[in-house]
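> all I have is the shape, not the residue letters:
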């Protein structure tokens with residue numbers, strides 16, 4: 001009896017501009033492709049950008065399973081192949097940063113560089129067990145999402161429309177996707193893989209980041225990325241694409257001119 005092929009989930013992505021290299025934007029746990037809209041708006045208008053919704057988030061398919069770091073990376077690589085993108089830079093935020101690290105470690109053809117924005121480290125997320133357990137349900141209600149924003153994710157309140165976007169995106173995630181990050185993906189150790197990354201890298205960190213603090217990135221990520229640049233954005237927290245989009249866009253554009 002022939003085995004049945006499980007269809008790959010369809011991922012929603014927003015594509016803009018035409019001038020390469022393509023910036024491939026990967027969002028945080030609780031976000032979506034539109035997390036990156038303020039950053040993309042700050043880039044040159046013709047910059048080719050592709051912002052992806054991971055499976056279970058935004059407008060992408062919501063399968064019952066497959067919420068693993070490997071699957072997320074495979075999904076993104078499949079999107080690039082489907083669209084014929086052969087010259088690109090990965091730009092990952094938080095969870096998306098960990099996915100970007102794994103993809104880059106595979107040394108895919110056409111990868112020109114790596115930008116990690118308040119990224120998760122390749123080592124297990126250094127938070128107390130009770131905090132990790134709380135993350136499994138943190139996106140189940142407006143109240144808990146707003147609590148996470150106030151206590152962990154931002155250093156200053158977001159504009160109302162972005163605040164509401166965060167609430168909607170977080171509430172809208174598939175239950176399996178909401179559970180996957182704190183229960184498994186955040187605890188994977190891909191340190192060995194990250195040492196194989198062989199492209200220029202830029203790491204952006206908010207000085208007030210409580211999730212992945214600058215000192216943690218210096219200890220657990222930077223030593224594994226040969227020659228990576230670290231830029232610290234003063235006064236900002238973990239949600240840099242929403243808190244400091246102009247600064248993030250400026251850093252990316254300047255780095256592209258220097259390195260990629």
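The structure has been received and is ready for your questions. All values derive from a computational prediction rather than experimental measurement.
> which residue ranges form the helices in the stretch 151-260 of the chain?
160-172, 175-183, 191-194, 214-220, 240-243, 245-259 (DSSP state H, counting those that start in this stretch).
> got the contact list for the fourth one?
With contact meaning Cβ atoms under 8 Å, 6 or more residues apart in numbering, helix 214-220 is reached by 119, 121-123, 126, 191, 203, 205-207, 230, 232. Using the backbone N, CA and C atoms, a C-beta is placed for each residue, glycine as well.
> pLDDT check: weakest of those?
The pLDDT minimum for these sits at residue 126, where the score is 72.
> list of residues touching stretch 140-147?
Contacts for stretch 140-147 (Cβ under 8 Å, 6+ apart): 30, 137-139, 166-167, 170-171, 178.
> buried ones among these?
Taking 16 or more other Cβ atoms under 10 Å as the criterion, what is buried in the contacts of stretch 140-147 is 30, 138-139, 166-167, 170, 178.
> give me the below-cutoff pLDDT ranges for the stretch 1-150 of the chain.
1-6 (pLDDT under 70).
> and the furthest pair within the contacts of stretch 140-147?
Among the contacts of stretch 140-147, the pair separated by the greatest distance (Cβ to Cβ) is 137 and 166, at 16.5 Å.
> which helix or strand contains the most centrally placed residue in the chain?
Nearest to the mean C-alpha position of the chain, counting by Cα atoms, centre = their mean, stands residue 96 at 2.1 Å. Using DSSP states H and E, the element containing residue 96 is helix 95-105.
> past that helix, which element shows up next along the chain?
Next along the chain from helix 95-105, counting by DSSP H and E, comes strand 111-117.
> can you tell me the strand partners of that next one and which way each runs?
strand 88-93 (parallel), strand 201-206 (parallel) (DSSP bridges).
> which stretch among those is buried most, on average?
strand 88-93 (a mean of 27; mean count of other Cβ atoms under 10 Å).
> now that one against helix 95-105, angle please.
150 degrees (axes from the mean of the first three to the mean of the last three Cα atoms, to 10 degrees).
> before we move on, the earlier item: just send the contacts of stretch 140-147 back as JSON lines, with distance to residue 71 too.
Output for the contacts of stretch 140-147, formatted as JSON lines (distance: Cβ to Cβ, whole Å):
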{"residue": "30", "distance to residue 71": "18"}
{"residue": "137", "distance to residue 71": "22"}
{"residue": "138", "distance to residue 71": "22"}
{"residue": "139", "distance to residue 71": "20"}
{"residue": "166", "distance to residue 71": "24"}
{"residue": "167", "distance to residue 71": "26"}
{"residue": "170", "distance to residue 71": "21"}
{"residue": "171", "distance to residue 71": "23"}
{"residue": "178", "distance to residue 71": "16"}
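> out of those, who's nearest residue 107?
Once Cβ to Cβ is applied, the member of those that ends up nearest residue 107 is residue 30, at 29.4 Å.
> ok so, going back, could you identify the most distant pair in the contacts of helix 214-220?
Counting by Cβ to Cβ, the most remote pair of those is 191 and 207, 24.8 Å apart.
> of those two, give the one with the bigger neighbour count.
Ranked by neighbour count (other Cβ atoms under 10 Å), residue 191 and residue 207 place residue 191 first, with 16 against 13.
> that one touches residue 102, doesn't it?
No - using Cβ atoms under 8 Å, residue 191 makes no contact with residue 102, being 11.3 Å away.
> now residue 30: which helix or strand?
Under the assignment here (DSSP H and E), residue 30 is part of no helix and no strand.
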